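*Asks:* Make a model of this:
(one chain, ligands or ions: 2)
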Amino acid sequence: MVPMISVQEAQNRIISNFKRLEGMSIPLDVALGRILSEPIYSNSDLPAFDNSSVDGFAVQADDISLATENNPVTLKVIADIPAGSSPKIVLKNGQTARIMTGAPIPTGANAVVMVEDTQSHQIAVGSTAPDAVTLTKDIAIGENIRRIGSDITFQQKILNDGRMLRAQDIGILAMLGYSTVRVSRKTKIALISTGDELVPLTLPLTPGKIYDSNTYMLAALAEKAGCEVSNIGTAADRYDAVDKLLSQAAKTKPDLIISSAGVSAGAFDYVKDVVGSSGSINFWKVNMRPGKPLAFGSYRNIPFLGLPGNPVSSFVSFLVFVQPVLELLSGVTTKENPQVKVTLSESIESDGRESYLRAVIRKENGKLFATLTGHQGSGNLISLVRANALLIIPSGVKFCPPGTEVDAWILEN
Ligand code: AMP
Ligand code: MG
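*Replies:* Ligands and ions are numbered 1, 2, ... in the order given. This next block holds a predicted model:
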């Protein structure tokens with residue numbers, strides 16, 4: 001008898017066979033979306049030097065503390081400080097220096113007056129600095145100066161191990177001078193599909209045949225999770241055909257082989273036998289809907305996961321069983337499908353298995369409400385296409401009235 005186990009039990013049995021992948025160094029310009037394999041600490045203060053946050057005039061604040069429209073103060077311009085320069089001057093009382101945004105504050109200055117607050121109003125492109133500037137307002141010490149270390153101090157932790165790098169993370173790494181960064185190696189997945197009925201998209205359909213959609217969908221899921229995917233192909237429902245394709249998959253030396261279909265109890269479901277003959281296989285009925293049949297084991301010492309063939313079962317099984325493995329392998333600390341609480345807008349019936357139901361959730365008055373996207377057959381992919389969430393109905397629950405609060409996974413991206 002094939003044992004029926006809980007989702008949690010199946011997840012635990014699978015995940016205990018994996019450990020995090022090693023890190024590798026890659027150039028920063030290809031690091032978007034990759035997972036840091038070590039924390040990042042700042043190797044300098046940021047800003048690295050006091051600099052001006054505006055185009056204007058660097059001053060000593062006490063020179064203009066009494067300045068008003070009726071009592072303007074004129075300061076002598078002794079230098080011009082463009083961004084990228086390194087001023088050697090020392091500002092004394094009665095003196096100012098024209099300064100551009102990002103340029104170092106000269107010694108002696110303790111504030112910068114914006115050009116808009118001077119009589120010249122703006123700095124004409126290409127103009128030389130004036131001999132003097134007249135000011136009609138006082139200024140607080142420190143105004144318009146970005147102080148050294150005010151954003152980040154030396155050796156401060158900037159990014160955690162396991163961070164998925166976003167554009168702004170790449171920006172700060174560049175700001176700190178990292179030209180390379182250590183990230184988790186990409187998980188290598190070999191993907192196979194099985195089924196006599198499957199036709200590649202390049203060929204016309206003949207009676208009884210269907211297009212192989214799982215290969216494309218599972219590859220997309222794995223790529224979205226940051227994997228390197230080898231699509232090995234499709235095998236007919238014959239022992240030798242499945243064996244040949246699996247051995248091809250093993251030759252790509254993947255971290256995980258994923259198969260679609262051929263793992264149920266049908267007369268032509270050879271995948272379990274083939275895997276078992278060159279490794280080990282566990283076949284479980286998992287107490288879930290959709291996606292009851294699930295095979296897990298190893299083929300030629302490579303972990304193997306056999307997902308069911310029905311497209312929605314395949315997708316849900318990937319999220320439930322493969323996604324946690326991929327998250328462990330990469331070390332990523334954020335979830336691909338965040339879990340939220342939602343309130344049912346309609347009643348839901350379930351058969352008592354842990355159910356993952358396709359739904360649309362929307363916000364009303366700050367609360368999330370869920371409605372199913374139609375009939376929940378495991379081959380009905382359009383209801384998954386229309387969904388932006390999967391509702392998780394726990395095992396043992398057969399009926400939920402409207403207003404019931406349930407967990408849901410967001411499928412927005
Ligand atoms: P099986 O798991 O082999 O019993 O297949 C279950 C259902 O999934 C059948 O209706 C198959 O035709 C369908 N199926 C199997 N493989 C695929 C695939 N790659 N793409 C789309 N549907 C599939
Ligand atoms: Mg089949």
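*Asks:* List, one by one, the residues from the stretch 301-413 of the chain near ligand 1.
*Replies:* Within the stretch 301-413 of the chain, the positions adjacent to ligand 1 are 308-311, 379 by Cβ under 6 Å from any ligand atom. Every C-beta, even on glycine, is put in place using the N, C-alpha and C of the backbone.
*Asks:* Could you report the pLDDT at Gln122?
*Replies:* Reading off the per-residue confidence, Gln122 sits at a pLDDT of 67.
*Asks:* Which residue ranges of the stretch 151-300 of the chain form helices?
*Replies:* In the stretch 151-300 of the chain, the segments counted as helices under DSSP state H, counting those that start in this stretch are 167-175, 214-224, 239-251, 271-277.
*Asks:* Span of stretch 402-413 from start to end?
*Replies:* Using Cα to Cα, to the nearest Å, one end of stretch 402-413 lies 27 Å from the other.
*Asks:* which residues touch it?
*Replies:* Applying Cβ atoms under 8 Å, 6 or more residues apart in numbering, the contact partners of stretch 402-413 are 224, 319, 337-348, 356, 359, 361, 368, 370, 387-393, 400.
*Asks:* for it, which positions count as buried?
*Replies:* By neighbour count, with 16 or more other Cβ atoms under 10 Å as the criterion, the buried positions of stretch 402-413 are 404, 406, 408-411.
*Asks:* now stretch 163-182
*Replies:* For stretch 163-182, a neighbour-count test (16+ other Cβ under 10 Å) marks 163-165, 169-170, 172-173, 175-176, 178, 181-182 as buried.
*Asks:* coming back round to it: so which of the helices of the stretch 151-300 of the chain is the most packed in?
*Replies:* Compared across the helices of the stretch 151-300 of the chain, helix 271-277 shows the largest average neighbour count, a mean of 21 (mean count of other Cβ atoms under 10 Å).
*Asks:* Can you tell me which helices and strands it packs against?
*Replies:* With contacts defined as 3 or more Cβ pairs under 8 Å, 6 or more residues apart in numbering; DSSP states H and E, helix 271-277 has these neighbours: helix 239-251, strand 279-286, strand 293-299, strand 302-307.
*Asks:* would you list these in a markdown table and tack on distance to ligand 2 and mean pLDDT?
*Replies:* Putting the helices and strands packed on helix 271-277 into a markdown table (distance: least, Cβ to the ion, whole Å; pLDDT from 0 to 100) gives the following:
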| stretch | distance to ligand 2 | mean pLDDT |
| --- | --- | --- |
| helix 239-251 | 11 | 97 |
| strand 279-286 | 15 | 93 |
| strand 293-299 | 11 | 95 |
| strand 302-307 | 11 | 98 |
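*Asks:* what would those look like in TSV with distance to Ser127?
*Replies:* Putting the helices and strands packed on helix 271-277 into TSV (distance: least, Cβ to Cβ, whole Å) gives the following:
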stretch	distance to Ser127
helix 239-251	68
strand 279-286	74
strand 293-299	72
strand 302-307	68
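*Asks:* just the strands in the stretch 101-250 of the chain please.
*Replies:* Here the stretch 101-250 of the chain has its strands, by DSSP state E, counting those that start in this stretch, at 111-114, 132-135, 145-146, 157-159, 180-184, 188-194, 198-199, 210-211, 228-235.
*Asks:* just the stretch 301-413 of the chain next, same as before
*Replies:* Taking DSSP E, counting those that start in this stretch to define them, one finds strands in the stretch 301-413 of the chain at 302-307, 339-344, 348-349, 354-364, 367-372, 389-393, 399-400, 405-410.
*Asks:* could you redo these as CSV and give each row distance to Arg13?
*Replies:* Rendered in CSV, the data for these read as follows (distance: least, Cβ to Cβ, whole Å):
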stretch, distance to Arg13
strand 302-307, 11
strand 339-344, 22
strand 348-349, 29
strand 354-364, 16
strand 367-372, 30
strand 389-393, 20
strand 399-400, 29
strand 405-410, 21
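*Asks:* show me where pLDDT drops low in this protein?
*Replies:* By pLDDT under 70, the low-scoring segments of the chain are 121-122.
*Asks:* Which residues of it lie near ligand 1?
*Replies:* Taking Cβ under 6 Å from any ligand atom as the criterion, the neighbours of ligand 1 within the chain are 193, 195, 197-198, 210, 212-215, 260-262, 264, 266, 308-311, 379.
*Asks:* Apply 8 Å and report the result again.
*Replies:* Remark: the part of the chain in contact with ligand 1 comprises 193-195, 197-198, 210-215, 217, 234, 237, 260-264, 266, 268-269, 293, 308-311, 313-314, 378-379, using Cβ under 8 Å from any ligand atom.
*Asks:* For ChimeraX, write the selection for the buried entries among these.
*Replies:* The following ChimeraX line selects those of these that are buried, judged by 16+ other Cβ under 10 Å:
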select :193,194,195,198,212,214,215,217,234,237,260,261,262,263,264,268,269,293,308,309,310,311,313,314,378
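*Asks:* Contacts only, for the residue most central in space within the chain.
*Replies:* The chain has Met164 as the residue nearest its centroid, 5.1 Å off, counting by Cα atoms, centre = their mean. Taking Cβ under 8 Å, 6+ apart as the criterion, Met164 is in contact with 33-35, 226, 332, 334.
*Asks:* Nothing else from me, thank you.
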